[in-house]
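[1] sequence unknown, structure follows:
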């Protein structure tokens, strides 16, 4: 997240972005035959028989790149779990067990370790899961590698690749808060105390939309889904790319706090909402005939489902705002690639 | 592995060993009710219904502490998988899917990443598993966090805590090679070319005893099992502690290459065999009446099962060698604790 601004012509800091690295790796791997979820979706899965699948996800938090200054150990550990749960939410799968490999720098104190453990536990318990195991070792930088396990009906999984032309594009909330919060934390942008609480709070205490994801899966109305952890623009492009379609967005739900923050600081609110990342809303496509089922399901668990556009045949991601059409760029937070 | 010899009075480098850290963490966690495997065993498990369990394991390899000089990226990545598979072997569970969170330093080159990916794939495929997912990010030090998933019959799991008085203690091979190999690599001990190949080979190309573990599980003869990745002495103590028994070892299978290496360099071969670690033999206790079933099962898959002692009521771990009894100390490789 915290932008590493230096570039090098050799090595991974140069031209190779995270996606290209994953493609390189994938090219060296034998693929599991008949995998229930394609490589590259938010989670992996293994068939269990009887229509059920084991769902697995691993994602690692690293101090240097993922923990902004001011975030506590408790918050960092909790976030490491929440960012994994968010991928389960996007697929409509309840997490049941969490494993953690902890890399701990030698200078940490006993109290720091307890704070980390309590943060892990809080992140798991909030979503009904338990920490069931893991290991610890020494590392130069705090490393929290989390793996999550759950069981789902194969047919209930919401994958990235199912969007069809004329489906409704929808999201579970308003965007830009964590991007704005990071501007406050990292670049020292001005902000009122009240706004600061909301924006920085979005960075320090991310919430996974698990109940919303489970409700969407139960509704049977969703054709494709992804979370927005790499940014809304990136998520839209992922849905389009993996479904072989385009998306036209006509209404971008920017958080009101982000509009105020952007206006005060002369920043572009749309930019913050589209290209921020570290946000854990769900981005889904919904079959038009079942829209009310999807909406009612999400509202029944206390959430909201906001329609923002349509799936198109034209394979581009377009934003129509203020009477103008513009292309949404396929960028977002990507490790190893420098960007503003 | 590579001994971090400096100590600090504050922080994890001081008095807190890895086991104490895990106890600290465990004290902060809510425990999953009715977990099929107790916290602290080699793997974790979640009940799937119908007598089956999902088996999960996470363990992380870190460049600084786990990759000795001279080990290639391919070997390091392969080892990260093998050390996890070894825990599956010890429980008698076939691994089916592997996830990997990779932390990559910026100075790595494209070819290094491909080498890592091919090493991961080789480690998984050798044991019948596939790499099904993961993520990559930037890290100061090479970090390979591996998670393995498999399915087993709950009743077929070989746990650490089932050893009973008079059971036979047995191992699947000869000890000390990787400890001796590390002495060669790290401390520059003298060794012939032929010996070097065997000893250093044990460090660079560890082999998990998966077929042996599966055969032992099928035999129904094993009351308790653990792998020897933290050293034979440590494994013996873990079996004793978690089963509430003692162990008396009367025959310590030291590899002949280790005897020769130790003699030439004036080192203690028993010390290398007992306290080395990074070795992936299985250490099991076998019901005496079913010994021949266990032995025949392991031999049928091309392995060997060597009886080394007995389970005792007296809760100590004792080695009887050369007509003398001595206590086996509960030490082995443990991160964060300095030792020779």
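    Thanks, I have the structure now. All of these numbers come straight from a predicted model, not from anything done at the bench.
[2] and residue A:317, how close does it get to residue A:232?
    Distance check for residue A:317 against residue A:232: by C-beta to C-beta, to the nearest Å, it reads 10 Å. The C-beta positions use only the backbone N, C-alpha and C, and glycine is treated the same way.
[3] one more: residue A:200?
    Noted for residue A:200: a distance of 20 Å to residue A:232, by C-beta to C-beta.
[4] with residue A:298 instead?
    Separation of residue A:298 from residue A:232 (C-beta to C-beta) stands at 18 Å.
[5] what's near enough to touch the closest residue to residue A:70 other than its chain neighbours?
    The shortest distance from residue A:70 to any residue that is not its chain neighbour, by C-beta to C-beta, 6 or more residues apart in numbering or on different chains, is 6.1 Å, and that residue is residue A:185. Each residue near residue A:185 by C-beta atoms under 8 Å, 6 or more residues apart in numbering or on different chains is listed here: A:68-70, A:200, A:203.
[6] beyond the strand or helix carrying residue A:185, next helix or strand please.
    Mapping residue A:185 onto the secondary structure by DSSP states H and E places it in helix A:177-187. The first helix or strand that comes after helix A:177-187 along the chain, using DSSP H and E, is helix A:193-204.
[7] counting by contacts, list what the helix or strand just after that following helix packs against.
    Past helix A:193-204, heading to the C-terminal end, the next element that is a helix or strand (DSSP H and E) is helix A:210-219. Helices and strands touching helix A:210-219, by 3 or more C-beta pairs under 8 Å, 6 or more residues apart in numbering or on different chains; DSSP states H and E, are helix A:73-91, strand A:222-227, strand A:282-286, helix A:291-300.
[8] contacts for helix A:210-219, please.
    By C-beta under 8 Å, 6+ apart, the surrounding residues in contact with helix A:210-219 are A:85-86, A:88-95, A:127, A:156-158, A:172, A:222, A:225, A:282, A:284, A:290, A:293-294, A:296-298, A:300-303, A:305.
[9] how about the most centrally placed residue in chain A, secondary structure?
    With distances taken as C-alpha atoms, centre = their mean, chain A has residue A:229 as the residue nearest its mean C-alpha position (2.3 Å). The three-state label for residue A:229, taken from DSSP: H, G, I helix; E, B strand; the rest coil, comes out as coil.
[10] what sits against residue A:301?
    Taking C-beta under 8 Å, 6+ apart, one finds A:211-212, A:214-215 in contact with residue A:301.
[11] between these, which sits nearest residue B:121?
    Each of the contacts of residue A:301 was scored against residue B:121 by C-beta to C-beta, and residue A:214 proved nearest at 34.0 Å.
[12] ok, which pair from the contacts of residue A:301 is furthest apart?
    For these, the maximum inter-member distance is 7.4 Å, found between A:212 and A:214 (C-beta to C-beta).
[13] these two: who's more crowded?
    Remark: of residue A:212 and residue A:214, residue A:212 carries more neighbours, 26 against 21, as counted by other C-beta atoms under 10 Å in any protein chain shown.
[14] which residues touch the nearest residue to that one once chain neighbours are set aside?
    In space, and not counting its chain neighbours, residue A:212 is closest to residue A:303: 4.2 Å by C-beta to C-beta, 6+ apart. Contacts here follow C-beta under 8 Å, 6+ apart; on that basis residue A:303 touches A:172-173, A:209, A:211-212, A:215.
[15] dump those residues to TSV, plus pLDDT and distance to residue A:263.
    Conversion of those to TSV gives the following (pLDDT from 0 to 100; distance: C-beta to C-beta, whole Å):
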residue	pLDDT	distance to residue A:263
A:172	98	25
A:173	98	21
A:209	98	27
A:211	98	33
A:212	98	29
A:215	98	34
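[16] list, one by one, the residues from the stretch 101-250 of chain A near chain B.
    For the stretch 101-250 of chain A, the residues in contact with chain B (C-beta under 8 Å from any C-beta of the partner chain) are A:101-110, A:113-114, A:116-118, A:120-121, A:125, A:130-141, A:143, A:145, A:147, A:149, A:151.
[17] drop anything exposed from those residues.
    When neighbours are counted using 16 or more other C-beta atoms under 10 Å in any protein chain shown, those contain these buried positions: A:101-106, A:108, A:110, A:113-114, A:116-118, A:120-121, A:130-141, A:143, A:145, A:147, A:149, A:151.
[18] out of these, name the ones that lie in helices.
    Among those, the residues falling in helices (DSSP state H) are A:110, A:113-114, A:116-118, A:120-121.
[19] can you put those residues in TSV and add pLDDT?
    Formatted as TSV, the entries for these read as follows, by pLDDT from 0 to 100:
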residue	pLDDT
A:110	94
A:113	97
A:114	97
A:116	98
A:117	98
A:118	98
A:120	98
A:121	98
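[20] for stretch A:21-40, the averaged confidence score.
    Summarised as a single mean, pLDDT over stretch A:21-40 is 94.
[21] can you pull out the low-pLDDT segments for the stretch 51-200 of chain A?
    Scanning the stretch 51-200 of chain A for pLDDT under 70 picks out nothing.
[22] just flag the most distant two among the contacts of residue A:303.
    Taking C-beta to C-beta, the two most distant members of the contacts of residue A:303 are A:173 and A:215; they sit 13.9 Å apart.
[23] can you list the buried residues in stretch A:289-299?
    Neighbour-count burial for stretch A:289-299, with 16+ other C-beta under 10 Å as criterion, is recorded at A:290-291, A:293-295, A:297-298.
[24] report the inter-axis angle for the helix holding residue A:185 versus helix A:193-204.
    100 degrees (axes from the mean of the first three to the mean of the last three C-alpha atoms, to 10 degrees).
[25] for helix A:177-187, what is the distance to the chain centroid?
    A distance of 17 Å separates the C-alpha centroid of helix A:177-187 from that of its chain, computed with C-alpha atoms, centre = their mean, to the nearest Å.
[26] one more: stretch A:92-111?
    If you compare the mean C-alpha spot of stretch A:92-111 with that of the full chain, they lie 19 Å apart, counting by C-alpha atoms, centre = their mean.
[27] how does chain A divide into domains?
    For chain A, automatic domain parsing gives the domain ranges A:31-156, A:168-327.
[28] single out the most deeply packed of those domains.
    Each of the domains of chain A was given a mean neighbour count from mean count of other C-beta atoms under 10 Å in any protein chain shown, and the largest, a mean of 22, is that of domain A:31-156.
[29] do me a favour and get the end-to-end distance for that domain?
    According to C-alpha to C-alpha, to the nearest Å, domain A:31-156 extends 23 Å from its N-terminal end residue to its C-terminal end residue.
[30] relative to the whole chain's centre, how far out is that domain?
    The gap between the average C-alpha position of domain A:31-156 and the chain average comes to 13 Å, counting by C-alpha atoms, centre = their mean.
[31] one step back: what separation is there between the residue nearest to residue A:212 and chain B?
    As defined by C-beta to the nearest C-beta, to the nearest Å, residue A:303 lies at a distance of 26 Å from chain B.
[32] now that residue: how far from residue B:33?
    28 Å.
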